[in-house]
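>>> how would this look folded up:
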Amino acid sequence: MSTILITGANGQLGYEIRLQSVNKTSHKFIFTDIEDLDITDAIAVSRFVTDKSIDFIVNCAAYTAVDKAEDDLELCHRINAFAVKNLAQAARQIGAKMIHISTDYVYSGTNYKPYLEEDLTGPRSVYGKTKLEGEKLLFETCEDSLVLRTSWLYSPYGNNFVKTMMRLGAERNELSVVADQIGSPTYAADLAGVILSIIDSRKFVPGIYNYSNEGICSWYDFAKTIHRMSGIDTCNVVPIAGADYKAKAERPFYSVMNKKKIKNIYGVEIPWWEDSLLKCIRILMK
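Now for the predicted structure:
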């Protein structure tokens, strides 16, 4: 039986892993968030991981407030970079394996074809830069590590684009949504399933992997589909340019990722983004 530590367990992805873990009786799961374990405290992390005899660390914890991060550099850096090193050091000390969740924001967003894992990075925001530094510190500290870069994460839980569009669509007659930023939505339940399947596979191949749902869309397309699937027809969604969306942090204009590597190594079958979105919306509308 493997003992698996999930950090950031109250977030979207951590909560989805918690839901799916009930079917994984061959593993022991330990779910923590800030009130249980401060991952920015290296001594506390080392003691916790050692005392609990952890076999796998799945780090779902992150500072994800992209615009706020531009002014909150120190805290963002502590959580997205230094805390990752703390976890990696603890994993190395006891021979544990580590799976770390990263982001499409580590890429420059200027590509014209889906990003491969080995493509040059070039983050444009504090959030993206700190996430990339976290990746580098992870591999420098613990070679037995795996990074999953994902994008546009949503679920029925927490704060995300899907829930915001459903709420605002019901409240307003008109919404402006960016139409020239292209990416791939990711249903947190699908990503949680992939993480658990990697652990179950007993074939741990360290490195960086891209994962999102299949297909591409703009934020505008995403919003229109959310409204269509949830039966919202009284709100006019207006397409706007990213330059007209007044945000402090720069967003990638193209962050579609190539998922060939994770498919080939782990045999992952990735659902189409609209199919997964419909599953999420049906849960939200119950």
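>>> Going along the chain from the helix or strand hosting residue 17, find the next helix or strand for me.
Assessed by DSSP states H and E, residue 17 sits inside helix 12-21. Proceeding N to C from helix 12-21, the next assigned helix or strand is strand 27-31, under DSSP H and E.
>>> What strands flank that next one, and is each parallel or antiparallel?
Partner strands and pairing direction for strand 27-31 (DSSP bridges) are strand 2-7 (parallel).
>>> avg pLDDT for the strand it pairs with?
What strand 2-7 shows for mean pLDDT is 98.
>>> distance between that strand and the chain's centre?
In terms of CA atoms, centre = their mean, to the nearest Å, the centre of strand 2-7 is found 17 Å from the chain centre.
>>> i'd like the first residue to be 302 from this point on
Yes, from this point I'll number from 302; that puts the last item at strand 303-308.
>>> who's in contact with residue 379?
Contacts for residue 379 (CB atoms under 8 Å, 6 or more residues apart in numbering) come out as residue 341. Just so you know, the C-beta spots here come from the backbone N, C-alpha and C atoms, and that holds for glycine as well.
>>> nope, residue 499 is what I meant
For residue 499, the contact set (CB under 8 Å, 6+ apart) comprises 400, 447, 505, 567.
>>> and which of these is nearest to residue 439?
Residue 439 lies nearest to residue 447 out of these, by CB to CB, at 9.3 Å.
>>> and the closest one, what element?
strand 446-451.
>>> Report the backbone C-alpha coordinates of that strand in PDB.
Extracted C-alpha coordinates of strand 446-451, given in PDB (Å, rounded to 0.1, in the frame of the first residue of the first chain):
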ATOM      1  CA  SER A 446       9.800  14.000 -10.100                       C
ATOM      2  CA  LEU A 447       7.100  14.500 -12.700                       C
ATOM      3  CA  VAL A 448       5.500  17.800 -13.700                       C
ATOM      4  CA  LEU A 449       2.100  18.100 -15.300                       C
ATOM      5  CA  ARG A 450       1.500  21.400 -17.100                       C
ATOM      6  CA  THR A 451      -2.200  22.100 -17.500                       C
END
